[in-house]
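> Predicted coordinates and the sequence they were generated for:
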Amino acid sequence: MPHWLMKTEPDLFSIRDLFRQKTSPWDGVRNYQARNFMDQMRLGDTVFIYHSSCKDVGIAGIGEVVRESYPDVSQFDEKSPYFDAKSDPAKPRWRRVDIGFVEAWPAVLPLARLKSDPALSDMALVQKGSRLSVMPVTEQQWHYILGLKP
DNA sequence: GCCAACGTTGGC
DNA sequence: GCCAACGTTGGC
């Protein structure tokens, strides 16, 4: 069963919000590589939920795919920050998946911890300048990181 | 708040 | 098809 990592800005949507809501559409992804990875996600795939652009940057918990990719309606909403005037309603450019809550960790596993670990040097997450917001996690990386869980 | 690195756009 | 300019991401 494949594994993934998805970024979120906790000021907008955090692991605690996912806990409260139990499930949430993952919308607003506007990057082709990230979108293509979302299209590959399947029901039951597990996802590290990563907090970015905040005080405690790192992995905050786990979610799972509860609905496979379907059009992200926010691309057609002129009032949405995710509006995309160039997207054709007949062929929506952007999609989203729904993510369900699995667990919140007692503390964030810091990015600095992941960066300093040679076992994780292949992850896009720790590579300089990487801005990918949805990425695959290998089986080995997944279990290794689970072992680092705070 | 700063700024390096990135992805996208558009002129040529 | 190249590449400079731009807007954005995201760690620090």
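Arrived safely, thanks for sending.

> Report whether stretch A:113-126 contacts DNA strand C.
Yes - counting by C-beta under 7 Å from any atom of the strand, DNA strand C is contacted by stretch A:113-126 at A:Lys115. All C-beta spots, glycine's among them, are computed from the backbone N, C-alpha and C.

> Same question for that stretch: list its buried residues.
Neighbour counts over stretch A:113-126 (16 or more other C-beta atoms under 10 Å) mark A:Leu114, A:Leu120, A:Met123, A:Leu125 as buried.

> helix, strand or coil for the last one?
By that I understand A:Leu125. When classified by DSSP: H, G, I helix; E, B strand; the rest coil, A:Leu125 comes out as helix.

> Let me know whether it touches A:Met6 as I believe.
No - taking contacts as C-beta atoms under 8 Å, A:Leu125 lies outside contact range of A:Met6: 10.8 Å.

> follow-up on the earlier one: go through the buried residues of stretch A:113-126 and say which is closest to A:Arg93.
A:Arg93 has its nearest neighbour among these in A:Leu125, at 25.1 Å by C-beta to C-beta.

> How about the contacts made by the closest one?
A:Leu5, A:Tyr50, A:Leu111, A:Leu114, A:Leu132, A:Met135 (C-beta atoms under 8 Å, 6 or more residues apart in numbering).

> how about the nearest residue to the second one, chain neighbours excluded?
Leaving aside its chain neighbours, A:Tyr50 sits nearest to A:Lys7 (4.7 Å; criterion: C-beta to C-beta, 6 or more residues apart in numbering).

> Neighbouring strands - and their directions - for the strand or helix carrying the one you found?
Element membership for A:Lys7, per DSSP states H and E: strand A:3-8. In the sheet, strand A:3-8 lines up against strand A:46-51 (parallel), strand A:134-137 (antiparallel) (DSSP bridges).

> Out of these, indicate the one that is most buried.
strand A:46-51 (a mean of 22; mean count of other C-beta atoms under 10 Å).
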